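Chemist: curious how this folds, go ahead:
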Amino acid sequence: MNKLNKALRLIRVFNDMSLSELAKEMKVSIGYLSEIESGKKNPSLDIIRKYATVFHTTESAILFFSENIQIDSKTKTALRNNILKFLEALDHLKKSK
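Modeler: Numbering: from 1, shown residues only. I've put the predicted structure just below:
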């Protein structure tokens, strides 16, 4: 699973939305979203746009996880990993409640 796919799943989980609820909201199949979030398929720009709309964010905020930022690779990797760790920690907290 690449970072973008993982980020999409964590954004959904962070917002307490099930895969079936999101699929219904986005008017796509649960299976398709599952394949995207598991990394079996890459999201199209249309899907990223739909995630941004549903979760009241911007496409650029979501695409951050796949962009080549003009900072050194070590810093960029550390930043992305820390953001994903933060989202994962929130996911674990929600699951433990």
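Chemist: okay, now the closest residue to A52 other than its chain neighbours: neighbour count?
Modeler: Here the nearest residue to A52 in space, its sequence neighbours aside, is E59; by CB to CB, 6 or more residues apart in numbering that works out to 4.7 Å. No exception for glycine: its C-beta is placed from N, CA and C like everyone else's. E59 has 14 neighbours, counted by other CB atoms under 10 Å.
Chemist: what does I83 give?
Modeler: Residues near I83, counting by other CB under 10 Å, number 15.
Chemist: OK, contacts around it?
Modeler: By CB atoms under 8 Å, 6 or more residues apart in numbering, the residues touching I83 are A7, F65.
Chemist: how far away is it from F14?
Modeler: Applying CB to CB, to the nearest Å, the value for I83 to F14 is 11 Å.
Chemist: what do you get for L90?
Modeler: L90 is 5 Å from F14, by CB to CB.
Chemist: list the buried residues for the helix ranked longest in the chain?
Modeler: Secondary structure of the chain per DSSP state H: the longest helix is helix 73-96. Within helix 73-96, the residues that count as buried by 16 or more other CB atoms under 10 Å are R80, L87.
Chemist: need the pLDDT of I36.
Modeler: I36 is assigned a predicted lDDT (pLDDT) of 96.
Chemist: which strands and helices lie in contact with the helix or strand where it lies?
Modeler: Element membership of I36, judged by DSSP states H and E, is helix 30-37. Counting contacts by 3 or more CB pairs under 8 Å, 6 or more residues apart in numbering; DSSP states H and E, helix 30-37 is packed against helix 3-14, helix 19-26.
Chemist: which ones are touching M17?
Modeler: Residues in contact with M17 (CB under 8 Å, 6+ apart) are E25, V54.
Chemist: with only the CA atoms kept, save the lowest-mean-pLDDT helix or strand in the chain in PDB.
Modeler: Between all helices and strands in the chain, the lowest mean by mean pLDDT, DSSP states H and E belongs to helix 73-96, at a mean of 77. Output in PDB follows, covering the C-alpha atoms of helix 73-96 (Å, rounded to 0.1, in the frame of the first residue of the first chain):
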ATOM      1  CA  SER A  73      14.100  13.400   0.800                       C
ATOM      2  CA  LYS A  74      14.900  12.600   4.400                       C
ATOM      3  CA  THR A  75      12.800  15.500   5.700                       C
ATOM      4  CA  LYS A  76      10.000  14.700   3.300                       C
ATOM      5  CA  THR A  77       9.900  11.100   4.300                       C
ATOM      6  CA  ALA A  78      10.000  11.900   8.000                       C
ATOM      7  CA  LEU A  79       7.200  14.400   7.700                       C
ATOM      8  CA  ARG A  80       4.900  12.100   5.800                       C
ATOM      9  CA  ASN A  81       5.700   9.200   8.200                       C
ATOM     10  CA  ASN A  82       5.000  11.400  11.200                       C
ATOM     11  CA  ILE A  83       1.700  12.500   9.800                       C
ATOM     12  CA  LEU A  84       0.700   9.000   9.000                       C
ATOM     13  CA  LYS A  85       1.800   7.800  12.500                       C
ATOM     14  CA  PHE A  86      -0.400  10.500  14.000                       C
ATOM     15  CA  LEU A  87      -3.400   9.500  12.000                       C
ATOM     16  CA  GLU A  88      -2.700   5.800  12.900                       C
ATOM     17  CA  ALA A  89      -2.500   6.700  16.600                       C
ATOM     18  CA  LEU A  90      -5.900   8.400  16.300                       C
ATOM     19  CA  ASP A  91      -7.300   5.300  14.600                       C
ATOM     20  CA  HIS A  92      -6.000   3.100  17.400                       C
ATOM     21  CA  LEU A  93      -7.500   5.400  20.000                       C
ATOM     22  CA  LYS A  94     -10.900   5.300  18.300                       C
ATOM     23  CA  LYS A  95     -10.800   1.500  18.100                       C
ATOM     24  CA  SER A  96      -9.900   1.200  21.800                       C
END
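Chemist: okay then, goodbye and thanks.
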